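J.: here are the coordinates; sequence isn't available:
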């Protein structure tokens with residue numbers, strides 16, 4: 001199994017997608033094992049869900065998404081890669097998490113403004129020693145995540161990085177940097 005499928009491998013539509021370089025870092029930080037149970041909350045096109053399911057062939061990935069177009073894209077991408085260990089949960093998190101089995105890893109790419117309540121639910125559903133990886137696009141989400149983690153420092157140990165990727169693109173005879181949006185990646189380990 002190769003990590004870091006090309007972006008062009010996914011059915012895209014108009015739903016935001018976690019780009020290849022950010023997917024690779026997110027999945028490395030999540031340390032997904034072959035039998036792991038993984039939640040992908042705010043799954044978008046399902047690019048992270050697909051890659052996580054490939055890393056956990058004997059486990060299961062639950063892609064939680066509220067938008068109808070995104071649900072169709074996750075399902076289409078799951079079929080494209082022939083994944084039987086991927087389930088799509090149509091819900092606005094934290095709804096939809098209550099009946100899922102305990103998780104070994106949780107990926108959060110979107111919270112719909114409900115980050116604190118999602119993190120409260122995840123704290124109950126994530127196994128001790130489990131990994132939580134949050135991808136924050138906005139500084140407001142970053143601030144909300146850090147505020148939560150500071151208030152729950154007995155539950156989570158965390159580290160955070162900021163990543164900015166630039167891809168070269170050809171402009172006439174020159175190659176020019178085409179900057180992608182920066183992303184803050186917060187990786188947490190559940191302590192208790």
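T.: Okay, I see it. Bear in mind the structure is a predicted one, so any value in this text is a computation, not a measurement.
J.: where do the strands sit along this protein?
T.: Ranges of strands in the chain, per DSSP state E, are 37-41, 60-65, 86-90, 103-108, 126-136, 156-163, 166-171, 174-179, 183-190.
J.: distance from the chain centre to the last one, please.
T.: Read it as strand 183-190. Mean-position distance between strand 183-190 and its chain equals 11 Å (Cα atoms, centre = their mean, to the nearest Å).
J.: partner strands of it, parallel or antiparallel?
T.: Counting by DSSP bridges, the strands paired with strand 183-190 are strand 126-136 (antiparallel), strand 156-163 (antiparallel).
J.: before we move on, what about the fourth one?
T.: For strand 103-108, the paired strands and their directions (DSSP bridges) are strand 37-41 (parallel), strand 126-136 (parallel).
J.: rewinding a little: nearest to residue 173, out of the strands paired with strand 183-190?
T.: With Cβ to Cβ as the measure, strand 156-163 is the member of the strands paired with strand 183-190 nearest residue 173 (29.9 Å). No exception for glycine: its C-beta is placed from N, CA and C like everyone else's.
J.: list the buried ones in that closest one?
T.: 156, 158 (16 or more other Cβ atoms under 10 Å).
J.: what are the contacting residues of that strand?
T.: Contact partners of strand 156-163, identified using Cβ atoms under 8 Å, 6 or more residues apart in numbering, comprise 21-22, 25, 132, 142, 146, 149, 182-191.
J.: reformat the strands of the chain as CSV; add mean pLDDT and distance to residue 3.
T.: Putting those into CSV (pLDDT from 0 to 100; distance: least, Cβ to Cβ, whole Å) gives the following:
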stretch, mean pLDDT, distance to residue 3
strand 37-41, 98, 14
strand 60-65, 98, 15
strand 86-90, 98, 17
strand 103-108, 98, 14
strand 126-136, 98, 15
strand 156-163, 97, 16
strand 166-171, 94, 18
strand 174-179, 95, 23
strand 183-190, 98, 16
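J.: I'd like those strands laid out as CSV, including distance to residue 54.
T.: Shown next, in CSV, are those (distance: least, Cβ to Cβ, whole Å):
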stretch, distance to residue 54
strand 37-41, 11
strand 60-65, 9
strand 86-90, 10
strand 103-108, 14
strand 126-136, 17
strand 156-163, 22
strand 166-171, 23
strand 174-179, 28
strand 183-190, 20
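J.: so which of those is the most surrounded?
T.: Among the strands of the chain, strand 37-41 has the highest mean neighbour count (mean count of other Cβ atoms under 10 Å), at a mean of 29.
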